[in-house]
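Trainee: Provided below are the primary sequence and the corresponding predicted coordinates.
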Amino acid sequence: MIFSETFEKEIMLNFDLTKEQEMIRKEVRRFAAKEIAPVAGDLDESEEFSVELTTKMGEIGLFGMFVSEEYEGQDMDYLSYIIAVEEIARVDGSQAATIAAGNSLGIGPIYYFGTKEQKKKYLPKLCTGEALWGFGLTEPTAGSDAGGSKTTAVLDGDEWVINGSKIFITNAACEMTMGVTVQAITGTRPSGKPEYTCFLVEQGTRGFKAVPMHKKMMWRASNTAELYFDDVRISKDSLLGEVGDGFHQMLKTLDNGRLSIGAMGLGGAQGAYEAALKYAKDRIQFGQPICKFQAVAFKLADCAVEIECARNLLYKACCLKDQNRAFEKEAAMSKLYCSEMMGRVVNHAVQIHGGYGLMKEYDVERFYRDQKLLDIGEGTSEIQRIVISRYIGC
């Protein structure tokens, strides 16, 4: 034998989910089918953010899944959270965006970088779904290029004064929004590069305005906002972490967020694939179901293979994170592959539906539109390739 029996056991991979994770999938899938599926199309058409659905998602524990019970969280592993996002996205991208942004971008920075007082003040309501929190990073002149940021924060006595604006911020301008985390320039480093710091700004603070954005192509039932800061004064206690920690906090937040975007791509692809498979079995042409034609069958086979590959890659990244091992490369790979994979799957799904795939009465039309944001949000596909190329030594 080349390898000892002990070594063979050590390198074996276990692809089985725990009973708890299987239960989460089952319960979230049931909830999505019962509560979200019947209204997803209407909410998309009317561009309506649903307080009712968001509250219900909070009631079944979809917020704060990875947060300790001390702050009203569910104290689960990250893979369980990702499975929940996947199952919501299998039915509707908008509601999945609310969950993904609410957890990874809203709750995450406060939980990982906040003081004990900040956690006690904000997390309980965020973890129970009573309130939402936004993450203000992107600006009109700063998307992939964070160096283009213009929002500033200046210390004036015992207060920080923030001026600037943010754009495309999820969960930041609805009736449930409690506040936002804002990244601002607070100085210049010795290298000459900007010094970034994050702050917690509560809704209703004087000079702070959040304006909902409409006429979106995708995630039309998700809340997206423009943020304006006009001499917004906040106390020193509103600082998240230390002065100058903002860039590090942003990178860590995006690493975690890439897993949830990957889950949205995986879940959306699964939903589109299942719709296409059902349609192909029901649609009769030339005397037989169209799934019997090789051109259609091969499209479905390709979809099944890609979804399986994406799930294995994403789940591996989550397991690495849960084991406190380096997962950043795999997170970027998962985000890139899952988002672009969904693009290929939804394209096949619409093609299989033919003309019906272009009609709003069929869910694949909505899946087709919702996918495009995944190539852009949480770092574009181009940025993911840059990140990955650096990890492999290029």
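Mentor: Perfect, I can see it now. This one's a predicted model, so the numbers in the text were calculated from it and none came from an experiment.

Trainee: Provide a list of residues in contact with the nearest residue to residue 107 once chain neighbours are set aside.
Mentor: Leaving out its chain neighbours, the residue that sits closest to residue 107 by CB to CB, 6 or more residues apart in numbering is residue 126, at 5.1 Å. Quick note: C-beta positions are derived from backbone N, CA and C, even for glycine. Contacts for residue 126 (CB atoms under 8 Å, 6 or more residues apart in numbering) come out as 63-64, 102, 106-107, 110, 132-133, 178.

Trainee: what element comes up after the helix of greatest length in the chain heading to the C-terminus?
Mentor: Secondary structure of the chain per DSSP state H: the longest helix is helix 246-282. Later in the chain than helix 246-282, the nearest helix or strand by DSSP states H and E is strand 284-285.

Trainee: Each with direction, which strands does that next one pair with?
Mentor: Strands that pair with strand 284-285, judged by DSSP bridges, come out as strand 288-289 (antiparallel).

Trainee: buried residues in the helix or strand that the partner strand is followed by?
Mentor: Once strand 288-289 ends, the next helix or strand along the chain (criterion: DSSP H and E) is helix 294-322. Neighbour counts using 16 or more other CB atoms under 10 Å place 296, 299-300, 303, 306-307, 310-311, 313-322 of helix 294-322 among the buried residues.

Trainee: can you tell me which two in the contacts of residue 126 are farthest apart?
Mentor: Spanning the widest gap among those are 64 and 178, at 13.3 Å by CB to CB.

Trainee: Of these two, which one has the most company?
Mentor: Counted by other CB atoms under 10 Å, residue 64 and residue 178 do not tie: residue 64 has more neighbours, with 29 against 19.

Trainee: Just the ones of the contacts of residue 126 in strands?
Mentor: Members of the contacts of residue 126 lying in strands (criterion: DSSP state E): 132-133, 178.

Trainee: now, which of these sits nearest residue 392?
Mentor: Comparing these against residue 392 with CB to CB places residue 133 closest, at 34.9 Å.

Trainee: What about the closest one, how many residues nearby?
Mentor: Residue 133: 28 neighbours (other CB under 10 Å).

Trainee: Please, which helix or strand holds residue 29?
Mentor: Assigned by DSSP H and E, residue 29 belongs to helix 19-31.

Trainee: Mind giving me the packing neighbours of that helix?
Mentor: When contacts are defined as 3 or more CB pairs under 8 Å, 6 or more residues apart in numbering; DSSP states H and E, helix 19-31 sits against helix 78-89.

Trainee: Low-confidence ranges, this protein, go.
Mentor: 1-13 (pLDDT under 70).

Trainee: domain ranges for it?
Mentor: Here the domain parsing of the chain from automatic domain parsing is 19-132, 134-245, 248-391.

Trainee: re earlier: now do the buried residues in the longest helix of the chain.
Mentor: In terms of neighbour count (16+ other CB under 10 Å), helix 246-282 has its buried residues at 246-247, 249-250, 252-273, 275-277, 279-280.

Trainee: same deal with stretch 172-182?
Mentor: In stretch 172-182, counting by 16+ other CB under 10 Å, buried: 172-174, 176-182.

Trainee: and the end-to-end length of that stretch?
Mentor: Its first and final residues considered, stretch 172-182 spans 11 Å by CA to CA, to the nearest Å.

Trainee: got the contact list for the helix holding residue 29?
Mentor: Helix 19-31 has contacts (CB under 8 Å, 6+ apart) with 17, 56-57, 60, 62, 76, 79-80, 83-84, 87-88, 90.

Trainee: what's the helix or strand just after it in contact with?
Mentor: Using DSSP H and E, the next helix or strand after helix 19-31 towards the C-terminus is helix 37-46. Helix 37-46 is contacted by residues 48-50, 53, 91-92, 94-95, 220-221, 360-361, 363, 366 when judged by CB under 8 Å, 6+ apart.

Trainee: Just these: which are in helices?
Mentor: Using DSSP H, the contacts of helix 37-46 in helices are 53, 94-95, 363, 366.
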